[in-house]
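Asker: Can you look at this prediction? I've put the sequence above it.
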Amino acid sequence: MLASERAIIGGKVGVAVTYGYVKDVASASHLSSLPVVMEGVDYLMPYKGKVHLISLEVAASDFEAHRRTFERILRSVHWR
C-alpha cells in the first residue's frame with residue numbers, strides 16, 4: 001500500500017487506497033518479458049449497507065495517463 005486517503009465520489013465519502021506491486025509475466029508461457037511494476041487505486045465507497053469497489057490497475061509507467069481518464073469516469077458516478 002502506497003497511500004490511503006478520504007475520497008468523495010458522487011457526493012458520497014469513502015476511501016481511496018493506492019498500491020503497487022511487481023507482476024511476474026514470466027509465468028505466462030506466451031510472454032517473454034521482464035516483470036512489470038503495476039500501480040493501482042481502489043475506491044471503497046459505502047452506500048446503502050454495502051461497500052462498492054471502483055478500481056484502476058495498470059502498469060506504473062502508464063498510471064498517470066490512465067488515471068486522468070479514470071477520474072473522468074469517477075465524475076460520472078451517481079448514487080441512487
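Answerer: Yep, it's here.
Asker: For L44, give me phi and psi.
Answerer: Per-residue torsions, L44: phi -100, psi 110 (degrees, to the nearest 10).
Asker: repeat for A3
Answerer: Dihedral angles (degrees, to the nearest 10) for A3: phi -170, psi 160.
Asker: ok, it - contacts?
Answerer: By Cβ atoms under 8 Å, 6 or more residues apart in numbering, the contact list for A3 reads 17-18. Heads up, the C-betas are built off the backbone N, CA and C, glycines and all.
Asker: how far does stretch 21-39 stretch from start to finish?
Answerer: Stretch 21-39 has an end-to-end distance of 7 Å (Cα to Cα, to the nearest Å).
Asker: List the contacts of stretch 71-80.
Answerer: The contact list for stretch 71-80 (Cβ under 8 Å, 6+ apart) reads 9-12, 43, 47, 54.
Asker: can I assume V13 is in contact with E5?
Answerer: No: assessed by Cβ atoms under 8 Å, V13 is found out of contact with E5, at 11.3 Å.
Asker: Please identify the buried residues of the worst-scoring helix or strand of the chain on mean pLDDT?
Answerer: None of the helices or strands of the chain scores lower by mean pLDDT, DSSP states H and E than helix 63-75, at a mean of 93. Buried residues in helix 63-75, defined by neighbour count with 16 or more other Cβ atoms under 10 Å: 63, 67, 70, 74.
Asker: any chance of those residues in TSV, plus distance to M1?
Answerer: As requested, the buried residues of helix 63-75 are arranged in TSV below (distance: Cβ to Cβ, whole Å):
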residue	distance to M1
F63	15
R67	17
F70	18
L74	20
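Asker: Now for these: which two are most distant?
Answerer: F63 and L74 (14.9 Å; Cβ to Cβ).
Asker: Name the SS class of H78, please.
Answerer: Of the three states, H78 takes coil according to DSSP: H, G, I helix; E, B strand; the rest coil.
Asker: what number of residues lie near it?
Answerer: Neighbour count for H78, taken as other Cβ atoms under 10 Å: 9.
Asker: distance of it from V17?
Answerer: Between H78 and V17 the distance is 22 Å, computed by Cβ to Cβ, to the nearest Å.
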